[in-house]
Every structure is written in C-alpha cells, then in structure tokens.
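Undergrad: attaching a predicted model along with its sequence, questions to come.
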Amino acid sequence: MTTVPSTVTVVRPGAAGAARRVRRSLTSRTASAVAIVIAVLWTTPTFGLFLSSLRPEDQIKGTGWWTFFSAPELTLENYREVLFSTSSSSGQMAGFLINSIVITVPSVLFPLAFAAFAAYALAWVPFRGRNWVYIGIFALQVVPLQMALVPLLSFFSEGVSVFGVQITPAWELEGPARFAQVWFAHTCFALPLGVFLLHNFMSELPGELMEAARVDGATHGVIFRRLVLPLVVPALATFGIFQFLWVWNDLLVGLIFAGGTSETAPMTVRLAQMAGTKGNEWQRLTAGAFVSVTVPLIVFLSMQRYFVRGLLAGSVKG
Amino acid sequence: MSLLSRPARAALVAGGMGLALVVTGCGSATPGTSTANGGAAADCAPFAQFGKHDGKKVSIYSPIRDVEADLFQQAWAPFEKCTGMKITYEGTGEFEAQIQVRSDGGNPPDLAFFPQPGLLERFARAGKIKSAPAEVKKLAERNWSPDWVKYGTVDGAFYAAPLGASVKSFVWYSPGMFKEKGWSVPTTWDELMKLSETIAAAGIKPWCAGIESGEATGWPATDWIEDVLLRELGPEGYDDWVAHEIPFNDPKVVAAVDKVGAILKNDKFVNGGYGPVKSIATTAFQEGGVPITEGRCALHRQASFYANFWPEGTEVAEDGDVFAFYLPGNDPAEKPVLGAGEFVAAFADRPEVQAVQAYLATGDFANARMKLATYVSANKGVDIANAQNPIDELSIKMLQDPDTVFRFDGSDLMPAAVGAGTFWKGMTDWINGKDTKTVLDFVESSWPTS
C-alpha cells in the first residue's frame, strides 16, 4: 500500500522545464533580498504589537512602541492581568482559552469527517443526480453565513414548525451544553467548502486504482478507509488548518451561538469586551491579542508543510 | 528525545488547563463569597418582599461590561442569595445589533438594559418586550421624575424603569487654575464666552475637545450641539427637534450649531494642548480633556463619566485638580440637563424576572451599587451620602432637583440611521471644515422617510 502514492504523480514533460526556470529565478540573490525586505515590512507591525504588550500601561497609552529603544522598560503585568486576573473585568483569558479549544477541536473534526464521506460519495459512488447534488453544495458556498444566523438561532431555540406542525423540537440547551450549538453551526457553515475542496482532490485520483480494488473485492468502506484517505491527507490537512484558523478567529458565530458568558464564550468574544465599557482599558488588547495568536501560530508552524502542499489542491491538474 | 518531550508537553498543556479551570472557578465564586461578610439570615429581611425563587434563573443582557459589570453583580449578590435565584449577567460591546439578532432568533435574554430609548421604543412597538408589571410601574413613578418615566413609556404603556444615569451638561475645568488667575465659574452663556476671551487673552487656548471614537467618531460633538439646542429651543422645542417636527436644517438649528461653532471652530479658542480646530477630529474623546491637567487648556465639555478618564492621581473635587460646572444657558434661572442612562426592559414575565425588575427599580439597589464605587442614578431613593466622589454628588443633586428639566441625549432617540450615523459623520465633517448649512442639509436629507 505504501507504494501507491508514486503512481499518482504524473509529470507532464513541458511543465518540468517551466518549473525549473521559475525555480531558478526565485532563488537568485535579488529575489532573496526582496523576500527579506517584504518579510521585515510584514513583521514590523506584529513586532510592534508584541513589544507593546510588554510595556507598562501608562507607556502604552502615552507613547509609541518604538520609544522602547530609547527608554526600555518591560513588564509582564499585562499578561498576568489578561490571563489570570480573578476579577471578571479584566482577563480571565485562561478560562476563555479553554472554551476556544473546546469549541475549535470538534468544529474542525466534524466537518472534516462529514466532508470526507460526502466528497467520496460524490466522486466515486455512482448514483442518479449526484452531479446535481454536487452543484447544489457548490452553490451553497455563495450564501453568506450572516443570512443563516437568525434562522439557525430559531432552529435551536424554537425548533422547526411548518404550518403549526412541529417538525423538530427546540434544543433548549443551557450552560456548557450550548457548545453543541456552536459545533453544529460551524460544521454547517464549513461543509460546502469542505466538500468542494475534498471532492476536487478525490476525483483526481486515478479510476484504475478503485477498479483494481473493486476487483480484489473491496467494498466502498474499505476503499475509502484504506485507499482514499491515505491519499488525500494533504487536502484533509489543508482544510483542517483553514477550518481551524477560521473557527479560532471567529467572533460572530461564537458570539451568537455560544453567548458572552464565561461558561461558553470563546476567546475572541472576551477580547472584544476587554477594552472596557468606554474603551479606556485598551492597554489589555495587545497582550490579549498575543495570547490568542499563540495557538494558531503553533498549529500553523507545525502543519505548514501540508498547508503549502494542499493549497494547490483542486487548483492544479497534474 | 522527541518521544520523551511529547508526553512532557502534553502534561504541561494538561497542567495549564487545570490551572485555568481553577482560575475560572475562583472567578465565578468571587461575587458570592465577597458579599458573605455581612452575615446571613438577618440581612435578608429587606428582600422578603421579592419572594423566594429557589433555583430559578434570570439572564440579563447589557451593554455595560468590565469593571462596571462586576460592580453590578456584586451589588445584587445579596438579593440573589436571599431570593435563591441565580442571575446570569452578560455584557457585550455589540448590544444594539445583538439584541435584535437574539430576539429575532427566539433566544432573547430575560432582561436587557437598553441604553437608547429609541431602540426600546422599536422593540415595544414590535411587541417583543413585555410591559412592566404594576408594581414596577409604581416604583418607577415614585422613584423617577416624569421626564425619566416618559422615556420608558411607549404609546401609553410603561415598559422599562430607568437604571443608571449620566449627566452630560458639564464643563470640566481646573479649580486651581481658575483660582490662581482669578477667573470665576460662569453662570450664563455670555459670561462663558467672555471668560473664553479672557483666557485666550492670557495666552492659553481656552477649550479642548476630542471627538474621535472609532466607528462612533463625532458623538461628543453631537452632545455639544444637543446641549446648546436644549438651551436655545427650550425642552419642548428640543423634543420637537428630536421627533423631527422641526427639520434638521431649520434656521433655529443652524443658529444653535453656529453658536457651538463660535467655540469649536474658532482657532483662537481650540484646541488647547493639541493644535488647530481640525485636531479635534483626530483626538480620542478619552484624551480630549487631559491638557487641562497640564495647564494647556482650561475648559472641556464632557459628561460626568469623564471623571474616569483623568490620568491616574488626578483629584476630582471642587478644590481638587479638576472639577466640572454646569454648562450655562442664556438664562441662569433655567437649567435643563442633558443626560443618558439605561432602561431595564423584560422579554419574559416569569415571577422571578419581575422580582429582579422590581428590585432594580428600588432605591435600595441604587444605594447598594453606589456604595461600591462611582455610580449615578436619577433614582430619588438614592441617598446622596453614598456618592463616591464630588462629581457623582453634583450629578445626583442635579438629577434629584425637582426643578430640573431632564432631556435624554437626542442622538439616542433618533432613528439609528441619523442618531448613530449621519449626525456623527456630519459633525465630524463640520469640524473638518464643512459649513453648518451644508452639514445640516446632509443630515436632514438622510432622515428616514417612513
């Protein structure tokens, strides 16, 4: 089974020469210099934010971060306040960090699983009207999720009734059970893109592979698990990272379906409240932003390899 | 090595989670424990009238968050304990949009603190909120002036009792600077203008202002206009203007805006400590008055809550570093007050919700809240001795004075397209150099037709 991937990559003769040319021009000295300049320019604001988060409150409010170089003074006070302060007014971000993780992990795994199944069925299980189903799912991507907020919210709180006949009951979730609403919402909103992305990737797999497996007596379940899944790992990883970053940074869905209490609200909601009622406590925002950025940074750096490879999923034939 | 480091990392993460859970546990327990110091059963007598609601839950949704939210929770903790109910409080920065979504989605809170009577009115007309029970109505009529009760009433039905308040008709100044230079607090508009001239002649730009406030940039300037309009048109005329019975570009409104322009658009008078007129538009409202403490500006018109924005260590008192006087009108005998506040509206009519509603309308709650930290309420049951600082005391005195005519911040009463949109934007353009007539024509043309 491990030899299978090598049969998939078929390199067209003309493409190799072009690729080599591009590669050569991108590795020249000037290109490297330009890349370094861009990297520095792009990193400066983040660096400034980081430096700001370590400065004392009155300095953050009074002067720019660059004054640090003439009068260096650093403190971890902002981080202490933001992460571990016991007053609900400032921080407690540690608790919201857990909420964010609890929201994010299932909200990535559910769509990943469902999309993989759906994409396989749409790509390799022949049934009538499957192209129409695929087009329908593809078209759903056009619908902005903001349009679905109120209907989905009433789906949870009142259930669905048509002409007075109750079809689904109200969920009536309270407290930590409301996490389920957020998972559900994120899964719904992620599926169209997920199915589209994975379907494109899966349909590129050579048909001979499936036929050979079928001849050997493999069922769809076996083909999916032992053939297709190992082959689409880069696409799964890409979609996983996309979805992770989206859910982690999401404020809207979290705010509406999880609410703003410390029981269920994700970190983004907390971050939005942290500046205070009249916006006068904004020195906390720098530290808060850095706390919230660490986790995606870790995820991204550790899965970067898949990310770059998978970005091309569905866009490049070959 | 990597095999070893992996479990170690996992342990670290797990440890971190445990710690975090402990922290949240502590956090939610604090309000309960911090109030337990007073003793138990004996203290529950005042709450007996609200009944027992063991195990019941009431949710509150509000634009107030952060420190003020903590203080609210602390203030009603004894009530929670004695009635046996649990109040879940949720503060948000997106109240106006969120309350609509939650109510449309069938997931409204039990109680909401509306900062805008205009929004309250819309919810009442749409039949989303419940009219207040008779008991709450009685309390509100006893504790608040008719002006306030009117803002909680829609089409003759009483919906929401007021809660907190802030007074906007204040001019901040430095008592020390005034004493040193021999200036005195003006009691009429003419005296105010004369004082401005005197200060300008002394080489200080008399006024400083800042109207930058993110998406809401411009609101401090609209407060200025409203304050002066209230004095120029009188309370009834002001109501007509708010209700759009007087057009926005009416000559009387133009005259009032120009009256403000004589200060805010006069390079001789502004912007103390910051620069020319246009610097008003780029100065954050939180920092608008700070030059007063540096002696680079003498006067700053801003609401009572500006007391929180002075640099640390600034003493707010009549003989301290900064204090405020009433923004005078033409006639010293008439003192209309411009202000703002919240109203407690109910989306549910369960007995425990009505109990909370009634408790929040009592003087007891306002006093409990005031004892904790700075707070102003127009509630007549408030004991002025509980005021935490001189500016709160002055505000409460003004609000409790039976002769005071109170008017709500007009931009909170107008349709959102104007009150939270073109009016702000128009005033920002106005500061940036557009003339009064053009700006007011623009605001007038944006008024929703239906």
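TA: Structure's in. What do you need?
Undergrad: per-residue pLDDT, A:Asn4?
TA: Actually, residue A:4 is Val rather than Asn. With respect to pLDDT, A:Val4 has a value of 44.
Undergrad: for A:Trp65, list the residues it contacts.
TA: Contacts of A:Trp65 were listed using Cβ atoms under 8 Å, 6 or more residues apart in numbering or on different chains, and they are A:48-49, A:51-52, A:55. Quick note: C-beta positions are derived from backbone N, CA and C, even for glycine.
Undergrad: how close does it sit to chain B?
TA: A:Trp65 sits 17 Å away from chain B, going by Cβ to the nearest Cβ, to the nearest Å.
Undergrad: now do A:Arg284
TA: 10 Å.
Undergrad: wait, isn't that residue in contact with A:Met274?
TA: Yes. Contact criterion Cβ atoms under 8 Å: A:Arg284 and A:Met274 qualify, at 5.0 Å.
Undergrad: residues near B:Pro387, how many?
TA: For residue B:387 the amino acid is Ala, not Pro. When neighbours are counted by other Cβ atoms under 10 Å in any protein chain shown, B:Ala387 registers 20.
Undergrad: and for it, nearest residue in space, chain neighbours not counted?
TA: Using Cβ to Cβ, 6 or more residues apart in numbering or on different chains and skipping the chain neighbours, the partner closest in space to B:Ala387 is B:Glu393 (4.0 Å).
Undergrad: wasn't that neighbour part of a helix?
TA: Yes. Membership of B:Glu393 in a helix is supported by DSSP: H, G, I helix; E, B strand; the rest coil.
Undergrad: quick one: the strands in chain A?
TA: All strands of chain A, identified by DSSP state E, fall at A:160-162, A:165-168.
Undergrad: closest one to chain B among these?
TA: Set against chain B and scored by Cβ to the nearest Cβ, these come closest in strand A:160-162, at 11.3 Å.
Undergrad: which strands or helices does that closest one pack on?
TA: Other elements packing on strand A:160-162 under the criterion 3 or more Cβ pairs under 8 Å, 6 or more residues apart in numbering or on different chains; DSSP states H and E are strand A:165-168.
Undergrad: of all residues in chain B, which one is closest to chain A?
TA: Nearest residue of chain B to chain A (Cβ to the nearest Cβ) works out as B:Gly105 at 2.7 Å.
Undergrad: quick one on the thing from earlier: nearest to B:Val149, of the strands of chain A?
TA: strand A:160-162 (39.1 Å; Cβ to Cβ).
Undergrad: that closest one - which strands sit beside it in the sheet, and in what orientation?
TA: Using DSSP bridges, the strands paired with strand A:160-162 in its sheet are strand A:165-168 (antiparallel).
Undergrad: and the strands of chain A: which comes nearest B:Gln100?
TA: Among the strands of chain A, strand A:160-162 comes nearest to B:Gln100, with 21.4 Å by Cβ to Cβ.
Undergrad: distance between the closest one and the chain's centre?
TA: In terms of Cα atoms, centre = their mean, to the nearest Å, the centre of strand A:160-162 is found 32 Å from the chain centre.
Undergrad: and that strand, average pLDDT?
TA: The average pLDDT within strand A:160-162 is 83.
Undergrad: could you do stretch B:301-310 as well?
TA: For stretch B:301-310, mean pLDDT is 89.
Undergrad: neighbouring contacts of that stretch?
TA: If you take Cβ under 8 Å, 6+ apart as the criterion, stretch B:301-310 is touched by A:278, A:280, B:166-168, B:170-172, B:207, B:209, B:220, B:223-224, B:227, B:285-290, B:293, B:300, B:316, B:321-322, B:324, B:327, B:339-340, B:374, B:376, B:389, B:391-392, B:394-395.
Undergrad: many thanks, I have nothing further to ask.
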